[in-house]
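Trainee: Give me a 3D structure for the following:
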Amino acid sequence: MKLHVIALFAGALLFTGCSSDNDDNATPSGGGGGGGGTGGTTQLTPTTPCSVQMTVNGTAVSVTADFVAYECGTSSGGEASAKEYGGSVVDINNDNDVVRLKFGRFSTGQSVGLPTDSAFLSFFHTGTWPYGDAMAFNVATVSTSEFLGSNYLTYSTAYGDQTGSTFEITQMLPVTSQFFGTSLVVRATFNCKLYSEGGTLIKTITNGTAVVHLGNI
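Mentor: Numbering: from 1, shown residues only. A predicted model of the protein is given here:
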C-alpha cells in the first residue's frame, strides 16, 4: 500500500490536540548526530514536516514538505505476518520520491489484520540499522526515483553493496490521533550508495538527514 498523505498526515497533525506549548515540550526518543548528517538537534514535534537534506553525487539537496510542491508519503507492504513500513518526501509535480526510507520486514505474530499500535511502535528503535534487500528482516533501505528521458528509474540501497555505508535513527516521536490512529515521526541520518536496478547507475549519498512519517496502515 502506497499513499500520498497530504490529507492523511495533515489531518492527523491537525487533530492531535497539541498546542504549540505542548509541541515545544515534546520528548522524542534518542538524540542527535550519528551515521550520516548532523542528525539535527531540534526536538521532533507532531507537526515537524517531512524533509531531507543530503548531498547526491556532490550536489546539495534540501527539501521540506510544504504540501504545495512537496508532500509526505507513507507506505506499507508485506503481509499480515511480516510487515514493512516506509516514509518519503514526494515531489508532487513529478510524482517522484526525493527520498524514501523503508524499514522491515517485521514479524507481527498475526495471520490477519494490522498489528496493534503498541506492536507497530515496538518495531522501531533508535540507533544503527543494517541495510538489506526488500525481503530481509529488521533492515533499512534508502531510495529515490526520477525520470531519465522517458524511463522511470528507482535507485535503492537494496540493489548493491553497502560496505562502509551507515544508517541511524536518531529521534522518534509517536503521534496519536482519534481519526488516524498511531503514526511515528522519525529522524534518521545516512551515508550510502543508491544503485539503479541492475546496478548500472550509482548515486552516492553523503551527509543525509531526513524526517519521515510512518503509519500503521
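
Trainee: When you work out contacts or count neighbours from here on, use the C-alpha atoms and nothing else.
Mentor: Noted.

Trainee: mind listing the strands for this protein?
Mentor: 2-4, 51-56, 59-64, 70-79, 82-91, 96-107, 127-128, 139-148, 151-156, 166-177, 181-196, 202-215 (DSSP state E).

Trainee: right, so of those strands, which gets closest to residue 45?
Mentor: strand 166-177 (7.1 Å; Cα to Cα).

Trainee: show me where pLDDT drops low in the chain?
Mentor: 1-41, 178-180 (pLDDT under 70).

Trainee: mind running it again at 80?
Mentor: 1-41, 134, 147-150, 177-181, 199 (pLDDT under 80).

Trainee: burial of residue 155, as a residue count?
Mentor: When neighbours are defined as other Cα atoms under 10 Å, residue 155 has 23 of them.

Trainee: what's the neighbour count on the residue lying closest to it once chain neighbours are set aside?
Mentor: Among residues not flanking residue 155 along the chain, residue 196 sits closest, at 4.4 Å (Cα to Cα, 6 or more residues apart in numbering). Residue 196: 20 surrounding residues under other Cα under 10 Å.

Trainee: Surely residue 134 and residue 158 touch.
Mentor: Yes - assessed by Cα atoms under 8 Å, residue 134 is found in contact with residue 158 at 6.7 Å.

Trainee: between those two, what contacts are shared?
Mentor: residue 141 (Cα atoms under 8 Å, 6 or more residues apart in numbering).

Trainee: and the residue nearest to residue 155, how far is that from residue 72?
Mentor: 23 Å (Cα to Cα, to the nearest Å).

Trainee: Please apply the same query to residue 156.
Mentor: Taken as Cα to Cα, the span from residue 156 to residue 72 is 19 Å.

Trainee: Next: residue 170.
Mentor: Distance from residue 170 to residue 72, by Cα to Cα: 19 Å.

Trainee: swap in residue 144?
Mentor: 14 Å.

Trainee: Grab the nearest non-local neighbour of residue 217.
Mentor: Using Cα to Cα, 6+ apart, the closest residue to residue 217 is residue 76 (6.4 Å).

Trainee: so that neighbour touches residue 88, yeah?
Mentor: No - if you go by Cα under 8 Å, residue 76 and residue 88 don't touch, sitting 11.7 Å apart.

Trainee: neighbour-wise, which of those two wins?
Mentor: Neighbours per residue (other Cα under 10 Å) separate residue 76 from residue 88, with residue 88 holding more: 32 against 20.

Trainee: Contacts only, for the more buried one.
Mentor: 50, 72, 73, 74, 97, 98, 99, 100, 101, 212, 213.

Trainee: for residue 107, same thing?
Mentor: Contact analysis of residue 107 by Cα under 8 Å, 6+ apart lists 81, 82, 83.

Trainee: burial measure for the second one, as a count.
Mentor: Pointing back at residue 82 there. Neighbourhood size, residue 82 [other Cα under 10 Å]: 18.

Trainee: for the first one, same thing?
Mentor: Taking other Cα under 10 Å as the criterion, the count of residues near residue 81 is 16.

Trainee: The closest residue to residue 145 other than its chain neighbours: neighbour count?
Mentor: Nearest non-adjacent residue to residue 145, counting by Cα to Cα, 6+ apart: residue 154, 4.3 Å away. Using other Cα under 10 Å, residue 154 has 17 neighbouring residues.
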